[in-house]
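Participant: What follows is a protein structure lacking sequence information:
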């Protein structure tokens with residue numbers, strides 16, 4: 001027998017001893033997922049009844065209560081809330097208007113960046129200077145930047161096939177642009193939305209202020225607005241903009257991770273965690289980011305319960321709170337696990353949207369990865385074929401220190417950044433079969449991981 005086939009033989013041998021046939025069990029999981037609308041209904045509720053569930057908001061607490069109830073209905077043996085300290089940032093009034101230019105006045109679609117400081121009700125009026133990277137700021141220097149509104153207009157690199165790599169090519173100006181511009185005396189920043197798509201939706205996201213610099217207001221402008229502003233600046237460098245953004249940061253508050261557990265049969269408890277983040281930006285319904293990942297985790301519990309298989313390891317579905325701002329939910333979960341000495345075997349995160357499943361990434365060395373890749377044959381009938389080396393996700397990342405294998409759920413992500421952090425991320429943009437296929441994929445992988453020994 002070839003060495004690479006040994007893990008498959010071991011899985012099959014162990015599953016026969018337990019009265020299971022992996023192909024039959026997995027087929028049953030997919031049949032159940034594809035003929036049941038529970039996950040789709042759960043997602044509709046999250047999107048329509050708890051839209052804008054940013055940390056500390058009334059919608060976020062409503063989402064906590066709903067997902068706790070959904071986990072109970074899914075068949076979890078135990079469901080509980082885990083306290084998490086979260087930031088409490090509130091969006092106010094926001095407007096961005098070209099008030100003085102040779103082409104007249106123009107309102108631009110903007111959204112304040114998360115954790116940004118705000119303006120007063122009158123706002124800031126100033127000239128605008130366009131830059132594309134931090135080196136340009138340094139070259140211009142304080143003399144040319146002080147008092148102006150810096151406009152970061154570097155687009156995503158659309159030549160990169162992996163849309164997340166494209167996102168990474170431009171996101172630094174959103175995360176750090178305010179601090180970089182403030183160091184040269186800028187009064188505020190406007191950042192081109194980090195998306196591959198040309199639309200009139202501003203795409204928000206968190207920023208981080210560097211210690212020692214003044215906190216200045218920061219907003220994202222839609223890509224259509226960014227192109228217009230850039231064109232007008234070419235003809236009128238003296239153009240002026242009035243920016244109003246009355247957002248503010250309140251005192252940190254208390255929220256919760258929502259956890260549901262399906263207990264395994266082994267005497268010595270080991271855990272497989274599957275999860276998404278429950279918080280979503282306040283300007284959207286949070287369907288793809290990340291309501292879909294949450295309902296897929298809940299559905300994993302329902303599908304495994306319905307399958308009738310007896311898992312040795314306990315499975316936890318976790319709705320992590322506060323991924324978008326500062327990821328305290330993931331850290332709180334891992335800290336509690338470490339404190340009580342839990343053994344975490346593996347963790348799967350779904351936070352790349354809920355388009356058609358393509359496979360999974362594994363943070364594993366070559367030997368371990370080969371064994372995990374051998375599982376791909378069970379997914380081939382469902383056209384799920386990509387089992388590659390890669391990361392897991394920010395919420396499960398802290399579990400790596402406890403030995404948990406990091407796994408990322410990977411759907412087709414070419415459309416993802418049309419929705420990401422924008423008002424376009426709605427329930428209507430989710431296809432039920434893509435959601436169902438992803439749920440079945442995750443449940444099937446959990447089942448196979450429970451059989452796998454390495």
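Facilitator: Arrived safely, thanks for sending. Keep in mind the model is a prediction, meaning the values are calculated, not measured. Residues are numbered from 1 along each chain as shown.
Participant: Give the helix, strand or coil label for residue 392.
Facilitator: coil (DSSP: H, G, I helix; E, B strand; the rest coil).
Participant: Wait, it touches residue 363, no?
Facilitator: Yes - contact criterion C-beta atoms under 8 Å: residue 392 and residue 363 qualify, at 5.8 Å. All C-beta atoms are positioned from the backbone trio N, CA, C, and that covers glycine.
Participant: intersection of neighbour lists for these two?
Facilitator: For the pair residue 392 and residue 363, residues contacting each of them under the criterion C-beta atoms under 8 Å, 6 or more residues apart in numbering are 400, 406-407.
Participant: count of residues packed around residue 190?
Facilitator: For residue 190, the number of neighbouring residues by other C-beta atoms under 10 Å comes to 26.
Participant: before we move on, what about the one 4 residues further on?
Facilitator: Taking other C-beta under 10 Å as the neighbour definition, residue 194 ends up with a count of 26.
Participant: what about the longest strand in the chain?
Facilitator: Longest strand in the chain by number of residues, with DSSP state E as the criterion: strand 248-262.
Participant: what does the average pLDDT come to for that strand?
Facilitator: Over the span of strand 248-262, the pLDDT mean works out to 98.
Participant: Now do the following helix or strand past that strand against strand 248-262, angle only.
Facilitator: In the C-terminal direction, the helix or strand that comes right after strand 248-262 (DSSP states H and E) is strand 271-277. Strand 271-277 runs at 140 degrees relative to strand 248-262, counting by axes from the mean of the first three to the mean of the last three C-alpha atoms, to 10 degrees.
Participant: Please tell me how far strand 271-277 is from the chain's geometric centre.
Facilitator: On the basis of C-alpha atoms, centre = their mean, to the nearest Å, strand 271-277 sits 14 Å off its chain's mean C-alpha point.
Participant: Stretch 294-314 now?
Facilitator: Distance of stretch 294-314 from the chain centroid (C-alpha atoms, centre = their mean) equals 22 Å.
Participant: hmm, back to that, give the buried residues for the longest strand of the chain.
Facilitator: Buried residues in strand 248-262, defined by neighbour count with 16 or more other C-beta atoms under 10 Å: 255-262.
Participant: With stretch 181-201 instead?
Facilitator: 181-197, 199-201.
Participant: What residues does the residue nearest the centre of the chain make contact with?
Facilitator: To find the centre residue of the chain, average its C-alpha atoms and take the closest one (C-alpha atoms, centre = their mean): that gives residue 351, at 4.2 Å. Shown here is residue 351, whose contacts under the criterion C-beta under 8 Å, 6+ apart are 276-277, 289-290, 293, 323, 393-395, 409.
Participant: ok, back up a step: and which of the buried residues of strand 248-262 is nearest residue 59?
Facilitator: residue 255 (11.5 Å; C-beta to C-beta).
Participant: In the stretch 151-300 of the chain, mark out all the strands, start to finish.
Facilitator: Under the criterion DSSP state E, counting those that start in this stretch, the stretch 151-300 of the chain contains strands at 188-192, 218-221, 240-245, 248-262, 271-277.
Participant: typo on my end, it should be the stretch 1-150 of the chain
Facilitator: Listed from the start of the chain, the stretch 1-150 of the chain has strands (DSSP E, counting those that start in this stretch) covering 78-90, 94-100, 106-108, 110-112, 124-131, 149-152.
Participant: Of these, which is nearest residue 368?
Facilitator: Put simply, out of these the one that sits nearest residue 368 is strand 78-90, at 29.4 Å, with distance taken as C-beta to C-beta.
Participant: Which strands or helices does the closest one pack on?
Facilitator: If you count contacts as 3 or more C-beta pairs under 8 Å, 6 or more residues apart in numbering; DSSP states H and E, strand 78-90 packs onto helix 58-74, strand 248-262, helix 328-339.
Participant: In terms of neighbours, single out the busier of residue 392 and residue 363.
Facilitator: When residue 392 and residue 363 are compared on other C-beta under 10 Å, the one with more neighbours turns out to be residue 392, at 24 against 19.
Participant: and that one, what does it touch?
Facilitator: With contacts defined as C-beta under 8 Å, 6+ apart, residue 392 is in contact with 347-349, 361, 363, 400, 406-408.
Participant: possible to save those as JSON lines with secondary structure and distance to residue 141?
Facilitator: Supplementary listing: the contacts of residue 392 in JSON lines, determined by DSSP: H, G, I helix; E, B strand; the rest coil; distance: C-beta to C-beta, whole Å:
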{"residue": "347", "secondary structure": "strand", "distance to residue 141": "47"}
{"residue": "348", "secondary structure": "strand", "distance to residue 141": "48"}
{"residue": "349", "secondary structure": "strand", "distance to residue 141": "43"}
{"residue": "361", "secondary structure": "strand", "distance to residue 141": "43"}
{"residue": "363", "secondary structure": "strand", "distance to residue 141": "42"}
{"residue": "400", "secondary structure": "helix", "distance to residue 141": "42"}
{"residue": "406", "secondary structure": "strand", "distance to residue 141": "43"}
{"residue": "407", "secondary structure": "strand", "distance to residue 141": "47"}
{"residue": "408", "secondary structure": "strand", "distance to residue 141": "42"}
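Participant: so which of the residues you listed comes closest to residue 65?
Facilitator: Minimum distance to residue 65 across the contacts of residue 392 is 23.0 Å, recorded for residue 349 (C-beta to C-beta).
Participant: Residue 175 versus the closest one, what's the distance?
Facilitator: Taking C-beta to C-beta, to the nearest Å as the criterion, residue 349 is separated from residue 175 by 20 Å.
Participant: More neighbours: those two, which one.
Facilitator: Relative neighbour count places residue 349 above the other of residue 349 and residue 175, with 30 against 16, counting by other C-beta under 10 Å.
Participant: May I see the buried residues of stretch 238-249?
Facilitator: Of the residues in stretch 238-249, those buried by neighbour count under the rule 16+ other C-beta under 10 Å are 239-247.
Participant: likewise stretch 301-313?
Facilitator: Using 16+ other C-beta under 10 Å as the burial criterion, the residues of stretch 301-313 that qualify are 301-307, 309, 311-313.
Participant: List the ones among those that fall in helices.
Facilitator: The members of these that map onto helices under DSSP state H are 301-307.
Participant: Pick out the most distant pair among the contacts of residue 351.
Facilitator: Across the contacts of residue 351, no pair lies farther apart than 323 and 409, at 14.6 Å, counting by C-beta to C-beta.
Participant: how about low-confidence regions in the protein?
Facilitator: Judged against pLDDT under 70, the low-scoring parts of the chain cover residues 1-20, 453-454.
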